[in-house]
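Enquirer: From the sequence below, what's the structure:
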Amino acid sequence: MDIGHRSRLSLCQLMDAVLSRDECIVILRKYGISTDDIDGYHTGYPLLRALTDAISAATPPQVWELAQELARTRQSIRHTVSPRSLFDERWEDFTLCAKLDGIWLAVDDYGHEIAPFVPLEPTIEGSHPVEDDLSRELRLSQLPDSDEILRLIDDSAKAFLGGDNNGCLNNARVALETTGKSIGREISPPGSTISSKWGEALAGLREAGFISLDQEKGLAGVYRFVSPGSHVPVGFTESEFARLGRTLALSCAYFLVKEWNGMRSTGLSFPR
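Expert: This next block holds a predicted model:
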């Protein structure tokens with residue numbers, strides 16, 4: 001499993017808050033993560049910055065095993081922290097960030113959390129969190145609205161972490177919509193106007209040959225799925241539905257931006 005960039009930073013904040021420098025060195029070395037900036041001649045290097053450098057550079061399996069050990073031993077770690085609310089707050093932030101990556105603590109038959117992290121749904125081995133992939137493609141896209149889309153993605157995550165499930169979904173939906181319309185403006189003939197209505201904007205992408213009819217239907221369906229007033233299906237909590245809807249919306253935005261970057265790399269022009 002790959003833990004996303006946001007979750008890695010939250011993991012660094014957790015370790016900095018609840019573990020000593022020596023404890024950080026031991027647990028990082030245990031999983032083969034570099035401690036060059038933490039021990040030896042670098043003991044004056046701020047611990048949080050050193051952890052950020054080390055964990056950002058670590059491989060997905062290394063970070064996954066590190067997170068699993070912290071999950072297994074969290075009760076004993078919490079016992080050493082005073083006040084314990086310091087651990088609780090940082091642990092909650094980390095687990096919520098991980099939840100956005102599709103990772104959560106396993107539960108027993110009674111719904112009680114047990115030690116290890118597990119995927120919330122089936123995953124493809126070696127795949128990256130969709131937010132990380134989308135952010136990377138947006139930075140490569142040269143779309144005029146890329147910074148705004150990145151802000152909306154970040155605001156969606158912040159809303160989720162703050163318990164605002166509606167805000168999480170709304171920002172993710174607007175990120176998808178902004179992505180499609182931004183591409184639409186780029187591929188339309190000079191002087192043409194992109195409709196403010198999502199359905200018409202999608203139709204414009206199809207008519208330009210950018211997406212197929214089936215893809216148009218799929219994108220329209222996801223947009224409706226995450227739109228205001230969407231019914232939370234039986235068996236889902238509002239938080240689970242918000243995370244699922246956000247993942248679907250960002251995945252569709254990723255599809256559009258990836259397609260756009262692919263078209264640019266081949267030198268294709270629109271309309272065609």
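
Enquirer: Spatially nearest residue to residue 21, not counting backbone neighbours?
Expert: residue 47 (5.6 Å; CB to CB, 6 or more residues apart in numbering). In this view, the C-beta of every residue, glycine as well, is placed from N, C-alpha and C.

Enquirer: got it, and residue 161?
Expert: Leaving aside its chain neighbours, residue 161 sits nearest to residue 96 (5.1 Å; criterion: CB to CB, 6+ apart).

Enquirer: measure that neighbour to residue 128 for me?
Expert: The gap separating residue 96 from residue 128 is 19 Å, by CB to CB, to the nearest Å.

Enquirer: higher neighbour count, these two?
Expert: Comparing residue 96 with residue 128 by neighbour count (other CB atoms under 10 Å), the higher total belongs to residue 96, at 20 against 16.

Enquirer: and the nearest residue to residue 236 once chain neighbours are set aside, how many neighbours does it have?
Expert: Among residues not flanking residue 236 along the chain, residue 244 sits closest, at 7.3 Å (CB to CB, 6+ apart). For residue 244, the count of nearby residues is 18 (other CB under 10 Å).

Enquirer: And the pLDDT for residue 244?
Expert: Listed pLDDT for residue 244 reads 91.

Enquirer: what ranges do the helices span in this structure?
Expert: 5-18, 21-30, 47-57, 60-72, 74-80, 84-100, 130-141, 146-161, 165-187, 198-207, 213-225, 238-266 (DSSP state H).

Enquirer: Which among those helices is found nearest to residue 37?
Expert: helix 47-57 (4.0 Å; CB to CB).

Enquirer: And the nearest residue to residue 95 once chain neighbours are set aside, what's its pLDDT?
Expert: Using CB to CB, 6+ apart and skipping residues adjacent in sequence, the residue nearest residue 95 is residue 105, 6.7 Å away. Here the pLDDT value assigned to residue 105 is 83.

Enquirer: What I need now is the helices of the chain written out in JSON lines, including distance to residue 117 for each item.
Expert: Output for these, formatted as JSON lines (distance: least, CB to CB, whole Å):
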{"stretch": "helix 5-18", "distance to residue 117": "10"}
{"stretch": "helix 21-30", "distance to residue 117": "16"}
{"stretch": "helix 47-57", "distance to residue 117": "16"}
{"stretch": "helix 60-72", "distance to residue 117": "6"}
{"stretch": "helix 74-80", "distance to residue 117": "11"}
{"stretch": "helix 84-100", "distance to residue 117": "7"}
{"stretch": "helix 130-141", "distance to residue 117": "17"}
{"stretch": "helix 146-161", "distance to residue 117": "17"}
{"stretch": "helix 165-187", "distance to residue 117": "21"}
{"stretch": "helix 198-207", "distance to residue 117": "36"}
{"stretch": "helix 213-225", "distance to residue 117": "27"}
{"stretch": "helix 238-266", "distance to residue 117": "15"}
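
Enquirer: got the contact list for the spatially closest residue to residue 186 that is not a sequence neighbour?
Expert: Take residue 186 and drop its neighbours on the chain: the residue closest to it by CB to CB, 6+ apart is residue 143, 6.8 Å away. Going by CB atoms under 8 Å, 6 or more residues apart in numbering, residue 143 touches 149, 179, 182, 183, 186, 257, 260.

Enquirer: Residue 200 versus residue 143, what's the distance?
Expert: Residue 143 is 20 Å from residue 200, by CB to CB.

Enquirer: Over to residue 212?
Expert: Applying CB to CB, the value for residue 212 to residue 200 is 17 Å.

Enquirer: Residue 10 too?
Expert: Computed as CB to CB, the residue 10 to residue 200 distance reads 40 Å.

Enquirer: So if I had to pick from these two, which one is more boxed in?
Expert: With neighbours defined as other CB under 10 Å, residue 10 and residue 200 compare such that residue 10 has more, 22 against 11.

Enquirer: With that, I have no additional questions.
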